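Colleague: turn this into a structure:
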Amino acid sequence: MLTAIARRTGGTVLVLLSLVGVVFVLRQVSPVDPARAVVGDRASAEVVERARDDLGLDRPLPVQYVEYVERAATGDLGQSAVTRRPVSSDIGEFLPATAELIICAFVLAVLLGVLLGTATALRWPGSGALRVVLIGGSSMPIFLAALLAILLFYKEFGVLPARGRSSYADAPDGPTGFLLVDSLVAGRPSVFLDAVEHLILPVVCLSLVPAVAIGRALRSSLQHTLRSDFVRTARVKGLTELRVLGRHALRNSVSSTLSIAGMQVAAMFGADIVLELIFAWPGIGLYTAQAVKAGDYTTIAGITLILGAIYVLTNFLVDLAQAIADPRTSEAAA
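Modeller: Residues are numbered from 1 along each chain as shown. Alright, predicted model coming up:
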């Protein structure tokens, strides 16, 4: 077990270093001049050259790469041409809003996926209707699902908000940056309920596709497990179907489902950028759109590194969860 964890940790570090290398290479081949992006299009050639010297862009490529890795490891991702502030500070400000949205959507996706996979594998009453609803919702592009949700629940019925994180101008913004948590810490339940209402539409839209992917993986694995000899033995012993499912079938079916769930994190971050633009959600997606519009490659590279690191670390945690759920996977890795 410890050997497998050590190997996975080493692999994670190598992947992160490779990610930094890819971002560095893309910066070299990008037509956008980072120095020009910092000082502006109207700056003189002397000012641009001074900026290149300050940024270290006039040094040999191996030296630039080593310095880039050192700065990235210490959290120095450069200066944003959009906000004129350190990129790491901007990401620290915008990331909590995105993380809150992603976490809530992921939790809902897992719950819906488990419900879909279990219900269809065991053929519970109503499982067919649930499958049709979820697959129908996930078959639409996320921007179309978001626009339809806004037209229906905001414009037509007026029951849910469709912009931003809160209706309160003085909503708490600390200490965690997660509005659901901060509102409770501040003792303001009305802000908490308002934040929940603002989360409903984007969270549901973002969770549909991952929920179906998780549900399908779990259904396929459960169907195979329920035909196994040890499940038939448990039934012969007189265990109820619910106990057979909870104590035997689910644990032996969860390994492949965890892999699918880990991959859905990257898909959710990709879809989140579009979703934040539609719902005016003040997170990384909105920040990325502003950076792309301004041609700010330094900011785009910083966001890529942070989101890539989150995805790599998420898959590392998924590997650990698989090893805990099924020790045979850790033995195979070792």
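Colleague: and the residue nearest to Ala162 when sequence neighbours are not counted, how many neighbours?
Modeller: Nearest non-adjacent residue to Ala162, counting by CB to CB, 6 or more residues apart in numbering: Tyr154, 3.9 Å away. For the C-beta atoms, the positions are set from N, CA and C on the backbone; glycine is no exception. Neighbourhood size, Tyr154 [other CB atoms under 10 Å]: 15.
Colleague: check which helix or strand covers Val82.
Modeller: Secondary structure from DSSP states H and E places Val82 outside every helix and strand.
Colleague: what about it, distance to Ala51?
Modeller: 16 Å (CB to CB, to the nearest Å).
Colleague: how about the nearest residue to Phe178, chain neighbours excluded?
Modeller: Nearest one to Phe178, counting by CB to CB, 6+ apart, is Glu100 at 4.8 Å.
Colleague: what sits against Ala97?
Modeller: By CB atoms under 8 Å, 6 or more residues apart in numbering, the residues touching Ala97 are 165, 177, 179, 281-284.
Colleague: what do you get for Lys155?
Modeller: Ala162.
Colleague: can you tell me the SS state at it?
Modeller: With DSSP: H, G, I helix; E, B strand; the rest coil as the basis, Lys155 sits in helix.
Colleague: tally of neighbours for Ala149?
Modeller: Ala149 is flanked by 20 other residues according to other CB under 10 Å.
Colleague: now do the contacts for it.
Modeller: 162, 201, 204-205 are the contacts of Ala149 under CB under 8 Å, 6+ apart.
Colleague: ok, 6 Å please
Modeller: Counting by CB atoms under 6 Å, 6 or more residues apart in numbering, Ala149 touches 201, 205.
Colleague: farthest pair within the contacts of Ala97?
Modeller: Leu179 and Ile284 (15.3 Å; CB to CB).
Colleague: show me where the stretch 151-300 of the chain has its helices.
Modeller: With DSSP state H, counting those that start in this stretch as the criterion, the stretch 151-300 of the chain has helices at 179-185, 189-225, 229-236, 241-244, 250-279, 284-294, 297-325.
Colleague: can you redo those as JSON lines with mean neighbour count and mean pLDDT?
Modeller: Formatted as JSON lines, those follow (neighbours: other CB atoms under 10 Å; pLDDT from 0 to 100):
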{"stretch": "helix 179-185", "mean neighbour count": "18", "mean pLDDT": "93"}
{"stretch": "helix 189-225", "mean neighbour count": "21", "mean pLDDT": "90"}
{"stretch": "helix 229-236", "mean neighbour count": "13", "mean pLDDT": "78"}
{"stretch": "helix 241-244", "mean neighbour count": "14", "mean pLDDT": "73"}
{"stretch": "helix 250-279", "mean neighbour count": "20", "mean pLDDT": "82"}
{"stretch": "helix 284-294", "mean neighbour count": "19", "mean pLDDT": "85"}
{"stretch": "helix 297-325", "mean neighbour count": "20", "mean pLDDT": "81"}
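Colleague: out of those helices, which is closest to Leu55?
Modeller: That would be, of the helices of the stretch 151-300 of the chain and by CB to CB, helix 297-325, which comes in at 8.7 Å.
Colleague: so what does that closest one touch, helix or strand wise?
Modeller: helix 2-29, helix 87-122, helix 250-279, helix 284-294, helix 327-333 (3 or more CB pairs under 6 Å, 6 or more residues apart in numbering; DSSP states H and E).
Colleague: quick one on the thing from earlier: what is the burial count for the residue nearest to Phe178?
Modeller: 23.
Colleague: how much space between it and Leu199?
Modeller: Taking CB to CB, one finds Glu100 at 8 Å from Leu199.
Colleague: then Ser88?
Modeller: 26 Å.
Colleague: check Asp182 too.
Modeller: Distance of Asp182 to Leu199, computed by CB to CB: 14 Å.
Colleague: shouldn't Phe192 be in contact with Ser183?
Modeller: Yes - between Phe192 and Ser183 there is a contact under CB atoms under 6 Å: 4.1 Å.
Colleague: which one (most neighbours) among the contacts of Ala97?
Modeller: Ile284 (26 neighbours).
Colleague: shouldn't that one be in contact with Glu100?
Modeller: No - using CB under 6 Å, Ile284 is not in contact with Glu100, being 11.4 Å away.
Colleague: returning to what we had before: okay, the helices and strands packed on helix 297-325 in CSV with distance to Val212 next?
Modeller: Below are the helices and strands packed on helix 297-325 laid out as CSV (distance: least, CB to CB, whole Å):
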stretch, distance to Val212
helix 2-29, 28
helix 87-122, 7
helix 250-279, 10
helix 284-294, 22
helix 327-333, 25
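Colleague: pick the one among the contacts of Ala97 closest to Gln28.
Modeller: Ile284 (24.4 Å).
Colleague: gap between the residue found closest to Ile214 once you drop the neighbours it is linked to in the chain and Phe106?
Modeller: If you skip the residues right next to it in sequence, Ile214 has Gly113 as its closest partner in space, 2.9 Å away by CB to CB, 6+ apart. Separation of Gly113 from Phe106 (CB to CB) stands at 10 Å.
Colleague: what of Met263?
Modeller: Counting by CB to CB, the separation of Met263 from Phe106 is 12 Å.
Colleague: now swap in Pro86 and tell me
Modeller: 29 Å.
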